[in-house]
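In: Pasted the sequence and its predicted model underneath.
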Amino acid sequence: MSNYNKLGFVYKKEILDRSIKPGFDKLISNADKLITGLNPFCGDEVKYHINLKENILTNIYLEVEGCAIHKASSSFLSDVIINEKVLEVQSMCEEFISYFNKNNDENKQFKNDKLNIANPLLDIKSNQIRIKCVLLSWNTMHNNLFSKNQ
């Protein structure tokens, strides 16, 4: 007997739709920033090609490989950060990441309303193994957006 009922958090329509078509697929020539992340244990990989204008992320080209959760999370992140100031992106990443690092589940409301786009991912917190799938892109963006090397 299958346990698909216990995997409902993975198979939400929003997650499946974004895993199939994450969007942000128009190539950028001369990206101002390339941000990459890899989970070597499972092979999930993400590359964000970003154009910046006056510290605002004006264009994103997303390359993403891996599981459905990782692809969907990368897509949601792109929606959240497009047309945002770099400092605001940092703040939003911190807020999203902290939700998954807290021990309680009580507050599923974000201070920044734009993060609510990613609400379909919140139930994944109940499965510790899959949290890394959700957070790879968010941690990658947070840790590398200011980096001069990327």
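Out: Here it is on my side, so go on. Numbering: from 1, shown residues only.
In: Strands of this structure, start to end?
Out: Secondary structure of the chain by DSSP state E: the strands cover 33-38, 45-53, 56-65.
In: what's the span of stretch 56-72, first residue to last?
Out: In stretch 56-72, first residue to last residue: 23 Å (Cα to Cα, to the nearest Å).
In: what's the pLDDT at Leu7?
Out: If you check Leu7, the pLDDT there is 57.
In: Next: Met92.
Out: Value listed for Met92 in the pLDDT field: 97.
In: Who's the closest spatial neighbour of it, skipping the chain neighbours?
Out: Nearest residue to Met92 in three dimensions, chain neighbours excluded: Asn112, at 5.4 Å (Cβ to Cβ, 6 or more residues apart in numbering). Yep, even glycine has a C-beta here, placed from its N, CA and C like the rest.
In: Is the one you found in contact with Gln90, as I believe?
Out: No. Using Cβ atoms under 8 Å, Asn112 is not in contact with Gln90, being 11.6 Å away.
In: So for the two, which residue has more residues nearby?
Out: For Asn112 versus Gln90, the count of surrounding residues by other Cβ atoms under 10 Å is larger for Gln90: 17 against 13.
In: now that one: how far from Glu84?
Out: Between Gln90 and Glu84 the computed distance is 10 Å (Cβ to Cβ, to the nearest Å).
In: now Ser29
Out: When Cβ to Cβ is the yardstick, Ser29 and Glu84 sit 22 Å from each other.
In: Same check on Thr140?
Out: Thr140 sits 16 Å away from Glu84, taking Cβ to Cβ as the criterion.
In: ok, now Ile69?
Out: Ile69 is 23 Å from Glu84, where distance means Cβ to Cβ.
In: more crowded one of those two?
Out: Ile69 (24 against 18).
In: quick one: contacts for the more buried one?
Out: Residues in contact with Ile69, defined by Cβ atoms under 8 Å, 6 or more residues apart in numbering, are Val10, Ile15, Ser19, Leu121, Ile124, Arg130, Cys133, Val134.
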